[in-house]
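> after the sequence you'll find the predicted model.
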Amino acid sequence: MTFTAIDFETATAFHPCSVGIVTVENGVIVDEFVTLIKPPYNQYNPYTIQVHGIYPQDTINAKTFAQVFPEIQKRLQNRIVVAHNESFDRNVLAKSMALCGLNYDDLNIAARWECTVKIYKAKGLKPTKLSDCCREMNIKLNHHEALSDARACAQLYLLQ
């Protein structure tokens, strides 16, 4: 099993404020990356702050998506990508890239990623929120912390 798991936390809609990426080679986690990202105008929706606890003062001096993108690209390019609720994270990536004038197709990754929600729903697990899947599979999780979520997603994918 060789793949990359990713999780974005967002400030508003699809504007990320944090990303966690876990690289798995032959079933072993070999790299972990996490960083805060300064969203456009450093604006946040109060609801998203309640969800993840990241505030504008946390990202005021963080790199923008465009500045962080080379780190994301080197970990995702030409890889199988996995996310929990993949359509959300895939859209955050694709829309953020488009805003920066970057071409999603240049990553050479699948149009749809592997999705641990779909995998565990097919196994009959309900509900399939990340926290529920992790509790059921006995995986440690600090929910809505991007690296913890990406690591948990990778572990769920490995256990499928």
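Ah, there it is. On a predicted model such as this, the values are computed, not experimentally measured, just so you know.
> start and end of stretch 35-51, how far apart?
End-to-end distance of stretch 35-51 (C-alpha to C-alpha, to the nearest Å): 17 Å.
> buried residues in that stretch?
Residues of stretch 35-51 classed as buried by neighbour count (16 or more other C-beta atoms under 10 Å): 35-39, 42, 44, 48. In this view, the C-beta of every residue, glycine as well, is placed from N, C-alpha and C.
> redo those residues as TSV? Include pLDDT.
Converted to TSV, these look like this (pLDDT from 0 to 100):
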residue	pLDDT
35	98
36	98
37	98
38	98
39	98
42	98
44	98
48	96
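> distance of the residue of the chain most remote from its centre relative to residue 40?
Using C-alpha atoms, centre = their mean, the residue of the chain lying farthest from its centre is residue 124. It sits 23.7 Å away. For residue 124, the distance to residue 40 equals 41 Å [C-beta to C-beta, to the nearest Å].
> what's in contact with stretch 137-155?
Applying C-beta atoms under 8 Å, 6 or more residues apart in numbering, the external contacts of stretch 137-155 come out as 3, 5-9, 18-22, 24, 29, 32-34, 51-53, 82-84, 116, 130-131, 133-134, 156, 159.
> narrow these to just the buried residues.
So, of the contacts of stretch 137-155, 3, 5-9, 18-22, 24, 33-34, 52, 82-84, 116, 130, 133-134, 156 end up buried under the neighbour-count rule (16+ other C-beta under 10 Å).
> related to what we said a few turns ago, make sure the residue farthest from the centre of the chain is indeed in a strand.
No: assessed by DSSP: H, G, I helix; E, B strand; the rest coil, residue 124 does not belong to a strand; its assignment is coil.
> what's the distance between it and residue 28?
Applying C-beta to C-beta to residue 124 and residue 28 gives a distance of 28 Å.
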